[in-house]
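Visitor: next input, structure requested:
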Amino acid sequence: MLIMLKETPHLTLFTQEAAITVAQVQSPGDRAELLGVTVGDDIWIASSTEDPPYLKLQIVGLFTPRDLQEEFGLALGEKLWSHLAFAGCKGPPLPLFLSKDVLFDAVTGGSAAIGAHRWLGQLDFEELQTQSPSHIAGKVDALEHALRRGLPESTVISALGNPLRSLVRRISFARIPTLMMGGVLLLAAGYYSIMAAAGMVSRRRVDTARLWGRGTGRRQMANLFFKDSVFLVLIPAGVAPFVAGATITGIGWLPSYESVLLGSGMPVYLSWHSFAWSFAGAGAIIAYMQWSVWQGGGRSIPAEKMSIFRVDGKPFLQRYYLDFLFFVFGGLVLWDLSSETSVVTEGGNEMAGVNPLLVVGPAIFLAVAVIISLRVLPPIARLISSGFAKRGPVWVHLISSLFARVPLTYAWPVAILGMAAGTVMFSATIAATLEQSSVDQSGYEVGTDLRIFPVDLSQGPLTGVLNSVRSVEGVRGVSSGLRTVGAIRLGGEGMPFEFIAIEPQYFEDIGVFRDDYSSVPIRNLLNDLEYSVPLAPLLVSESAKGLVFVCVQTLFKRYTAR
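Guide: Below you'll find the predicted structure:
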């Protein structure tokens, strides 16, 4: 960014001279020429023209900037190098640049130490996209803690602190439906994988029986099955993460996700965890196939195996009574939905309640949809099979005829999809309830239904302000309270903390003290704080020429901290 014009070799960036802090700085060449400053000049910093200086700056280098629009200048490059005077300045300012840790060394300890600091940090957008919100919030807190240790009374100002923590809570609750649905689908995938492995083993029972009859040992049989299973299982396991990533990426380009992703696509990253899960499932399938061999499977072909997938004929009522019951309940819910305007109902005592029939309505509709799909799929598959019997691909005819004759080929997928959808509905309700409970617990500034803030203490004493509120018609009780952020000032190393202060003698009568805050009564939880204001005598020396008063006012009117 900088092109050095002139500098002093063998720099000592920071020193102390006779209780005066000395720091070496660099300045832009054109601005230094305009103001008559050159290398070797000293600049003394003081609070006013009458006070002694507390900081000495030595000009040790001049430079010229390459590009004022670079990110290093934080959008202030043109403003700093402009010849226009700042507001309140009589002439153009002289930018001074300190390198390495000179700024921190100058303001900590010594004559140039300052009491309070506010640091504005700029976060990298690429890092925000790749790191989790909790990790970023932790890094900001770690930066603030490091600054407070090195610079007393420091504060890091970040507009993303609370939004990041709120986003962490939302992500944790939003993961509940995903995890529950993922669990159902994972069980379904495991079931179908084992079923496919069992189908592979059963299809080779004739060859297996022949090999057993020819005297083939278990080890040779296991090696034969292992070679076949490695080729048939490991290759799909290696391709599966890429297929899943491509599918999720394609879902992210749907119009419904555009408002959330802002056209940037779904952030999908393939990691070793995906391949580990995929190959773990493949290992389980290979282990099952090896177990079937070592258990002696395939020595004979049982007769019941030949007809295990055949559908037994049953009476009409026994086959369709569930359909009848679900259709009755579905019609009842449809009638109730058409007659009711809201899920919330009111009784004769004007107490709001919830209609339980409407609450379980979505589950009933889901079950009806599953039953309908199970009944409608066989005729549709039969029509497709008959249509492709003479013309069309052979594989379409075979698959459709299999769907029409063997219900197990489609019954389990439909049932599992229904279970997954029901799990999403149920878990989404639980997640929304937990999130609202979390917001209620953490977002309540004071546990009451009505809060008045801010209170202008210039109207009079605190008791007068409270009495004026109590005098309002309809007000039964008022309690003063405060919830804010405090900090322990032990050399600047203490971390900020949140605290709440209330009046227990009044708050217990009007406050909402819910069970999810604490399981003990409020009287046992809160204790009165004893306070005293000792006034030591003030002795003034006769040689004193003046007095300086520093007043620090702290307001604690019978507050109690929890």
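Visitor: what about Ile59, which SS state?
Guide: Taking DSSP: H, G, I helix; E, B strand; the rest coil as the rule, one finds Ile59 in the strand state.
Visitor: quick one, what contacts it?
Guide: Val25, Gln26, Ser27, Ala32, Val37, Thr38, Val39, Gly40, Asp41, Asp42, Ile43 (Cβ atoms under 8 Å, 6 or more residues apart in numbering). The C-beta positions use only the backbone N, C-alpha and C, and glycine is treated the same way.
Visitor: report the beta-bridge partners for it.
Guide: Val25 (DSSP bridges).
Visitor: point to the helix or strand of the chain where mean pLDDT is at its lowest.
Guide: Ranked by mean pLDDT, DSSP states H and E, the weakest helix or strand in the chain is strand 560-561, scoring a mean of 36.
Visitor: for Ile380, give its distance to Gln26.
Guide: Separation of Ile380 from Gln26 (Cβ to Cβ, to the nearest Å): 80 Å.
Visitor: more neighbours, these two?
Guide: Using other Cβ atoms under 10 Å as the criterion, Ile380 and Gln26 rank with Gln26 on top: 24 against 13.
Visitor: for stretch 218-225, list the C-alpha coordinates in CSV.
Guide: Output of stretch 218-225 as CSV, limited to C-alpha atoms (Å, rounded to 0.1, in the frame of the first residue of the first chain):
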residue,chain,number,x,y,z
ARG,A,218,-16.7,-71.6,4.7
ARG,A,219,-13.5,-69.5,4.1
GLN,A,220,-13.7,-69.9,0.3
MET,A,221,-17.4,-69.1,0.4
ALA,A,222,-16.7,-66.0,2.5
ASN,A,223,-14.0,-64.8,0.2
LEU,A,224,-16.3,-65.3,-2.9
PHE,A,225,-19.1,-63.3,-1.2
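Visitor: longest helix in the protein, please.
Guide: helix 161-203 (DSSP state H).
Visitor: give the other helices and strands that that one contacts.
Guide: If contacts are counted by 3 or more Cβ pairs under 8 Å, 6 or more residues apart in numbering; DSSP states H and E, helix 161-203 sits against helix 133-150, helix 218-229, helix 272-294, helix 408-443.
Visitor: go with 10 Å
Guide: Packing contacts for helix 161-203, counted by 3 or more Cβ pairs under 10 Å, 6 or more residues apart in numbering; DSSP states H and E, involve helix 133-150, helix 218-229, helix 235-252, helix 272-294, helix 408-443.
Visitor: straight-line length of stretch 465-482, end to end?
Guide: 15 Å (Cα to Cα, to the nearest Å).
Visitor: pull out the buried positions in that stretch.
Guide: The neighbour-count check on stretch 465-482 (16 or more other Cβ atoms under 10 Å) flags Val465, Leu466, Val478, Ser479, Ser480, Gly481, Leu482 as buried.
Visitor: measure how buried Gly217 is and give me the count.
Guide: Per other Cβ under 10 Å, the neighbour tally for Gly217 reads 10.
Visitor: ok, the one 4 residues further on next?
Guide: Neighbouring residues of Met221 were enumerated by other Cβ under 10 Å; the total is 19.
Visitor: how close does it get to Ser256?
Guide: 52 Å.
Visitor: also Phe242?
Guide: Distance of Phe242 to Ser256, given as Cβ to Cβ: 24 Å.
Visitor: looking at the two, which is more packed in?
Guide: Using other Cβ under 10 Å as the criterion, Phe242 and Ser256 rank with Phe242 on top: 13 against 7.
Visitor: was I right about that one contacting Ile248?
Guide: No. Counting by Cβ atoms under 10 Å, Phe242 does not reach Ile248; the two are 11.1 Å apart.
Visitor: who wins for proximity to Leu187 among the helices and strands packed on helix 161-203?
Guide: Checking the helices and strands packed on helix 161-203 against Leu187 by Cβ to Cβ gives helix 408-443 as the closest, at 8.3 Å.
Visitor: helices or strands up against whatever helix or strand comes next after that closest one?
Guide: Using DSSP states H and E, the helix or strand that follows helix 408-443 in sequence is helix 462-470. Packed against helix 462-470, as judged by 3+ Cβ pairs under 10 Å, 6+ apart, are no other helices or strands.
Visitor: any stretches of the stretch 51-200 of the chain with poor pLDDT?
Guide: Scanning the stretch 51-200 of the chain for pLDDT under 70 picks out 67-91, 100, 107-122, 148-159, 161-162.
Visitor: please redo it, this time with the cut-off set to 50
Guide: Scanning the stretch 51-200 of the chain for pLDDT under 50 picks out 84.
Visitor: who are the packing partners of the helix or strand that contains Ala369?
Guide: Taking DSSP H and E as the definition, one finds Ala369 inside helix 361-387. Helix 361-387 sits against helix 316-339, helix 394-405, helix 408-443, with contacts defined as 3+ Cβ pairs under 10 Å, 6+ apart.
Visitor: done for today, thanks.
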